[in-house]
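Colleague: Pasted the sequence and its predicted model underneath.
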Amino acid sequence: MTLDRYGLRHAGTVLIILGFFVGHWVLSVFMQTFYLHRYAAHRMFKLSPTWDRIFHFLTFLFQGSSYLHPAGYAMLHREHHAFSDTERDPHSPHTSKGFIDMNIKTALRYVGLRTGRI
């Protein structure tokens, strides 16, 4: 009995591709939660310089275009906690005109923090 008989000729390839994307997404979420949020923003634990560099690289690798430098992420996140839902909150939906406006403000704030202009 072959898969082709049931119209599933490429099922193995589809499962491999699907597995790759699901695995990539899971690792991206893990790096966001473990490294950026718990380590960089909240300083819940310490890493040696070597492990810090390894996780920094893995975060860059798995987050791709949505990657934020850990220092910039930590600054934005701490501001968010300190000024939640006020004008000084870097990404509050309550002080923005909508989803796109909120994300543009957040991106501009991040760039300003990373370049030292803010």
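Modeller: Perfect, thanks for sending it. All figures in this text were calculated on a predicted structure; none of them were measured in a lab.
Colleague: can we go C-alpha only for contacts and neighbour counts from here?
Modeller: Fine.
Colleague: most centrally placed residue in the protein?
Modeller: Centroid check for the chain by CA atoms, centre = their mean gives residue 32 as the closest residue, at 4.7 Å.
Colleague: ok, now how distant is the spatially closest residue to that residue that is not a sequence neighbour from residue 101?
Modeller: In space, and not counting its chain neighbours, residue 32 is closest to residue 59: 7.3 Å by CA to CA, 6 or more residues apart in numbering. Here the criterion is CA to CA, to the nearest Å. By it, residue 59 lies 26 Å from residue 101.
Colleague: ok, now residue 56?
Modeller: The value you get for residue 56 to residue 101, if CA to CA is used, is 29 Å.
Colleague: where's residue 56 relative to residue 48, distance?
Modeller: Residue 56 is 12 Å from residue 48, by CA to CA.
Colleague: which stretches of the protein form helices?
Modeller: 11-30, 49-63, 70-82, 99-115 (DSSP state H).
Colleague: now for the shortest one, which elements pack on it?
Modeller: Okay, so that is helix 70-82. helix 99-115 (3 or more CA pairs under 8 Å, 6 or more residues apart in numbering; DSSP states H and E).
Colleague: what is the rounded mean pLDDT of the helix it packs on?
Modeller: Helix 99-115 comes out with an average pLDDT of 83.
Colleague: Could you check how far that helix is from the centre of its chain?
Modeller: Its chain's C-alpha centre and that of helix 99-115 lie 14 Å apart, by CA atoms, centre = their mean, to the nearest Å.
Colleague: Then stretch 53-73?
Modeller: Using CA atoms, centre = their mean, the offset of stretch 53-73 from its chain centre is 7 Å.
Colleague: Could you point out which residue ranges in this structure have low pLDDT?
Modeller: For the chain, the stretches with pLDDT under 70 are 1-9.
Colleague: Tell me which residues touch residue 28, please.
Modeller: 59, 62-63 (CA atoms under 8 Å, 6 or more residues apart in numbering).
Colleague: quick one: residue 76 from residue 30, how far?
Modeller: Distance, residue 76 to residue 30, by CA to CA: 19 Å.
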